[in-house]
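[1] Please work out how this folds:
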Amino acid sequence: MNADRITIILGAILLTPLIAQQNLETDFRMTGRTTLAAFEAQRQVLQQSSAVISIGQEEIAYGVVVSANGHVLTKASELREKEKLTITIDRQRFDKVEVISTDDEWDVALLKVDATNLVPVTYTSATEIPQGTWVVVNGATSRTQRRANIGMISAKPREIQPSGGLALGIVIKNSSKRIELEKVTPEGGAHEAGLKAGDVIVAIDDKPLAKIEELSNALDQYKAGDKVRITFKRDGKTSTVDVRLTAKTELFDISANRNDEMSGDFSKRRSGFPRVIQHSVMGNSQTMGGPVIDLNSHCLGMNIARASRAETFAIPSAELKQLAARMIDHQPSR
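    Okay, here's the model as predicted:
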């Protein structure tokens with residue numbers, strides 16, 4: 001009954017001209033009660049296998065349940081005040097949340113709660129997800145109920161290059177004839193590695209550098225999330241650290257374009273991903289991290305970035321499955 005009902009409703013939506021759709025009764029629109037009722041099986045998957053991540057009363061992200069004993073994947077860059085995180089899975093709230101590890105390349109964090117008998121997502125076995133495939137994702141949630149949003153795959157899988165290029169998280173003195181740091185940007189890789197204003201970079205991955213242009217050219221071969229070996233001088237002493245690379249737009253205030261201004265609340269990190277699928281479901285930064293479900297209730301991937309007014313990116317299921325296994329296998333022993 002569900003499959004037939006979904007087919008009828010989706011067919012009506014596709015065949016009805018836009019002007020006529022604007023005059024549809026509320027219950028029969030994309031977010032209407034009658035339409036959403038046809039997706040109750042998929043909503044139940046979201047209810048059991050997606051997590052709501054909060055700080056106090058504020059929801060900051062969703063998550064994907066990837067093990068029965070409490071492992072959850074989510075979007076790493078949305079997490080803050082990590083010691084204050086709570087997670088709700090189905091109707092059960094967990095007040096103790098451990099951030100096990102993060103993967104900078106994918107912007108994913110592995111969380112752990114003390115739980116048993118959770119219902120992890122079932123990954124799709126499909127290797128290709130055609131454009132036009134219908135998907136269901138988390139919408140706004142109530143205290144106890146997940147809600148569904150409906151859309152479709154709207155582009156072919158692809159790599160998303162870092163917007164604006166890559167950055168170490170540093171500002172270099174313009175007047176200096178050497179690569180001397182004027183400022184180290186908070187939350188950037190250089191700050192994490194302990195670089196400070198006044199340090200002078202002399203090599204990257206053991207290749208000597210003398211000019212700013214040489215540093216920029218050296219970064220071209222890397223991707224967001226990669227780490228580079230930076231050799232620098234401070235107070236006459238030479239040291240080496242590993243520095244995480246990020247997209248420039250994550251660290252520096254780059255003026256928004258018209259599309260951004262129309263987009264509303266998009267993700268802070270929305271580029272620099274090795275491979276994504278794209279769908280049309282509207283959302284914001286707080287609705288990222290949850291699963292993308294097909295009409296067979298299988299997981300096609302995990303929402304990773306609200307990129308623009310018309311683009312939401314998700315990590316494909318094959319990569320997500322591998323990521324989950326790798327991060328769980330390499331978590332610290334207890």
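
[2] Tell me which stretches of the stretch 101-250 of the chain form helices.
    For the stretch 101-250 of the chain, applying DSSP state H, counting those that start in this stretch gives helices covering 189-193, 212-219, 248-251.

[3] Check these for me: which has the lowest mean pLDDT.
    Among those, helix 248-251 has the lowest mean pLDDT, at a mean of 74.

[4] Could you tell me which ranges of the stretch 1-150 of the chain sit under the pLDDT cut-off?
    The model of the stretch 1-150 of the chain has pLDDT under 70 over residues 1-35.

[5] right, and Glu180 touches Ile170 too?
    No - look at Glu180 against Ile170 with C-beta atoms under 8 Å: they stay out of range, at 9.9 Å. All C-beta atoms are positioned from the backbone trio N, CA, C, and that covers glycine.

[6] Any chance of TSV for the helices of the stretch 101-250 of the chain, columns mean neighbour count and distance to Gln161?
    Output for these, formatted as TSV (neighbours: other C-beta atoms under 10 Å; distance: least, C-beta to C-beta, whole Å):
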stretch	mean neighbour count	distance to Gln161
helix 189-193	22	18
helix 212-219	14	13
helix 248-251	21	11
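
[7] Show me what the helix or strand where Arg43 lies is packed against.
    Per DSSP states H and E, Arg43 falls inside helix 40-49. Counting contacts by 3 or more C-beta pairs under 8 Å, 6 or more residues apart in numbering; DSSP states H and E, helix 40-49 packs against strand 58-65, strand 134-138, strand 148-160, strand 291-293.

[8] counting contacts, what elements does the following helix or strand past the last one pack onto?
    Toward the C-terminus, strand 291-293 is succeeded by strand 299-308 as the next helix or strand (DSSP H and E). In this structure, strand 299-308 makes packing contacts with strand 58-65, strand 71-75, strand 134-138, helix 258-263, strand 273-279, strand 291-293, strand 311-316, helix 317-329, judged by 3+ C-beta pairs under 8 Å, 6+ apart.

[9] follow-up on the earlier one: which of Glu180 and Ile170 has more neighbours?
    Ile170 (24 against 17; other C-beta atoms under 10 Å).

[10] State the number of residues packed around Gly289.
    Other residues lying near Gly289 total 30 when counted by other C-beta under 10 Å.

[11] In contact with it: list those residues for me.
    53, 61-64, 73-75, 78, 302-304 (C-beta atoms under 8 Å, 6 or more residues apart in numbering).

[12] secondary structure element for it?
    With DSSP H and E as criterion, Gly289 is part of no helix or strand.

[13] that older thread, now, which of the contacts of Gly289 sits nearest Arg326?
    Leu73 (11.2 Å; C-beta to C-beta).
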